[in-house]
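Engineer: Model the following, please.
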Amino acid sequence: MISKIKELFKDMFAKFAYISKGLFQLIRENKIYFMAAIFIVLAILAFLVFYIGPTIIISFIYAGV
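Structural biologist: Numbering: from 1, shown residues only. Take a look at the predicted model:
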């Protein structure tokens, strides 16, 4: 059971590392350094919504209203 959970987390972070590596490569190639913060926040938000679920993110949106 624990080895299965470890494998799941390893796979999850490998995908996140792959996406962030591609993101930084895009920023460097196109010299859009001023948009790096926006891209990073959007990537983290997409990661959270995909793995944690939209209900947590929606609760933060409604709390700000």
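Engineer: Grab the longest helix from the protein for me.
Structural biologist: helix 2-30 (DSSP state H).
Engineer: Can you give me the buried ones in the following helix or strand past that one?
Structural biologist: Downstream of helix 2-30, the first helix or strand assigned by DSSP states H and E is helix 36-51. By 16 or more other Cβ atoms under 10 Å, the buried positions in helix 36-51 come out as residue 47. The way it works is simple: take the backbone N, C-alpha and C, and place the C-beta from them, glycine included.
Engineer: can you tell me the average pLDDT over helix 36-51?
Structural biologist: Per-region confidence: helix 36-51 scores 78 on mean pLDDT.
Engineer: sorry, back to before: which other helices and strands contact the longest helix of the chain?
Structural biologist: helix 36-51 (3 or more Cβ pairs under 8 Å, 6 or more residues apart in numbering; DSSP states H and E).
Engineer: gap between the helix it packs on and the chain center?
Structural biologist: Distance of helix 36-51 from the chain centroid (Cα atoms, centre = their mean, to the nearest Å) equals 4 Å.
Engineer: other SSEs contacting that helix?
Structural biologist: helix 2-30, helix 54-64.
Engineer: Save those helices as CSV, and put in distance to residue 45 too.
Structural biologist: Shown next, in CSV, are the helices and strands packed on helix 36-51 (distance: least, Cβ to Cβ, whole Å):
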stretch, distance to residue 45
helix 2-30, 12
helix 54-64, 7
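Engineer: All good on my end, thank you.
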